[in-house]
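>>> Need coordinates for the below:
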Amino acid sequence: MSGAASRDSAVAPEERRFLSTEEAAALERELLEDYRFGRQQLVELYGHASAVAVTKVFPLPALSRKQRMVLVVCGPEQNGAVGLVCARHLRVFEYEPTIFYPTRSLDPLHRDLTTQCEKMDIPFLSYLPTEVQLINNAYGLVVDAVLGPGVEPHEIGGPCTRTLATLKLLSIPLVSLDIPSGKPGWDAETGADSEDGLRPDVLVSLAAPKRCAGRFSGRHHFVAGRFVPDEVRRKFALRLPGYAGTDCVTAL
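Alright, predicted model coming up:
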């Protein structure tokens with residue numbers, strides 16, 4: 001590990017930088033407008049890193065066949081696109097993902113990512129069983145890619161709201177991408193959470209942790225931001241642990 005990475009790894013939790021919704025949006029604008037990252041490129045980076053985070057917590061050799069079955073639940077906004085990419089990479093990593101995508105976006109990026117998953121024979125559920133035991137018995141874990149920062153369930157339709165109510169009752173591990181979904185869920189701006197929000201076992205913060213991540217009490221928290229340029233990290237005062245070797249995620 002480099003000297004810089006070693007110094008970053010020693011950062012105390014209270015010194016880590018958690019971004020407000022406005023700061024997170026500004027960071028993404030900088031990546032898109034100043035550094036000329038494409039939105040599809042960012043979604044691909046996030047989705048790949050999210051899948052890698054899953055492999056770190058649930059390594060394939062240690063899993064039974066049922067535990068390799070992953071249900072990826074996607075919403076129609078950017079977090080849902082990240083979930084589609086995550087599912088595709090999980091298939092490449094030899095897991096067995098299934099996607100539930102109840103409110104499909106008409107955005108060309110979402111359509112392209114959906115086609116990629118379909119071409120790789122990743123099954124899509126037509127409905128999510130309301131009987132929680134059926135889901136617990138069929139899958140080893142669930143990836144929550146329903147809501148992102150600033151997105152509320154009522155903005156994306158009833159099916160997503162009903163889905164979140166079901167996910168809240170699951171007993172199998174839950175992995176949330178960027179922020180845990182809920183109603184109204186976890187407020188990325190204030191850090192306040194709702195009793196109706198999901199309580200994931202694993203959180204994967206995209207680019208940098210949002211303020212609500214400071215309240216996360218699950219087992220594992222990763223940041224998927226290896227690609228963020230050093231100048232951007234300095235500008236937004238991102239004091240986070242370093243990335244080991246060629247890892248695209250780091251644990252907090």
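
>>> what residue ranges in the stretch 151-252 of the chain score low on pLDDT?
Per-residue confidence for the stretch 151-252 of the chain (pLDDT under 70) gives these ranges: 151-157, 182-196.

>>> need the helices for it, in chain order.
Assigned by DSSP state H, counting those that start in this stretch, the helices in the stretch 151-252 of the chain fall at 153-156, 158-167, 230-235.

>>> and those, which is most packed in?
helix 158-167 (a mean of 19; mean count of other Cβ atoms under 10 Å). Heads up, the C-betas are built off the backbone N, CA and C, glycines and all.

>>> Just send the helices of the stretch 151-252 of the chain back as TSV, with distance to Leu174 too.
Shown next, in TSV, are those (distance: least, Cβ to Cβ, whole Å):
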stretch	distance to Leu174
helix 153-156	17
helix 158-167	7
helix 230-235	29
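
>>> pLDDT averaged over stretch 67-82, what's the number?
Across stretch 67-82, pLDDT averages out at 95.

>>> can you pull the alpha-carbon coordinates of that stretch into CSV?
Extracted C-alpha coordinates of stretch 67-82, given in CSV (Å, rounded to 0.1, in the frame of the first residue of the first chain):
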residue,chain,number,x,y,z
GLN,A,67,-27.0,-18.3,-1.4
ARG,A,68,-25.7,-17.6,-4.9
MET,A,69,-29.2,-16.7,-5.9
VAL,A,70,-29.4,-12.9,-5.8
LEU,A,71,-32.5,-10.8,-6.3
VAL,A,72,-31.7,-7.3,-7.6
VAL,A,73,-34.6,-4.9,-7.2
CYS,A,74,-34.4,-1.8,-9.5
GLY,A,75,-36.2,1.5,-9.7
PRO,A,76,-36.6,3.7,-12.8
GLU,A,77,-34.0,6.3,-11.8
GLN,A,78,-30.2,6.2,-11.9
ASN,A,79,-29.9,3.8,-8.9
GLY,A,80,-32.0,1.3,-10.9
ALA,A,81,-29.6,1.6,-13.8
VAL,A,82,-26.7,0.9,-11.4
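
>>> re earlier: of the helices of the stretch 151-252 of the chain, which is nearest Thr55?
helix 158-167 (21.5 Å; Cβ to Cβ).

>>> and that closest one, what does it pack onto?
helix 153-156 (3 or more Cβ pairs under 8 Å, 6 or more residues apart in numbering; DSSP states H and E).

>>> Would you tell me which helix is longest in the chain?
helix 39-57 (DSSP state H).

>>> Can you give the distance from it to the centre of its chain?
8 Å (Cα atoms, centre = their mean, to the nearest Å).

>>> and that helix, what other elements does it pack with?
Identification of packing neighbours for helix 39-57 by 3+ Cβ pairs under 8 Å, 6+ apart yields helix 78-92, helix 108-119, strand 141-145, strand 174-177, strand 202-206, strand 220-224.

>>> tell me the average confidence for it?
Helix 39-57 comes out at a mean pLDDT of 98.

>>> Could you check it and say which residues are buried?
42-54, 57 (16 or more other Cβ atoms under 10 Å).

>>> quick check, nearest of those to Arg239?
Nearest to Arg239 among the buried residues of helix 39-57, with distances taken as Cβ to Cβ, is Ala49, at 19.6 Å.

>>> Now that closest one: closest residue in space, sequence neighbours ignored.
Ala224 (3.3 Å; Cβ to Cβ, 6 or more residues apart in numbering).
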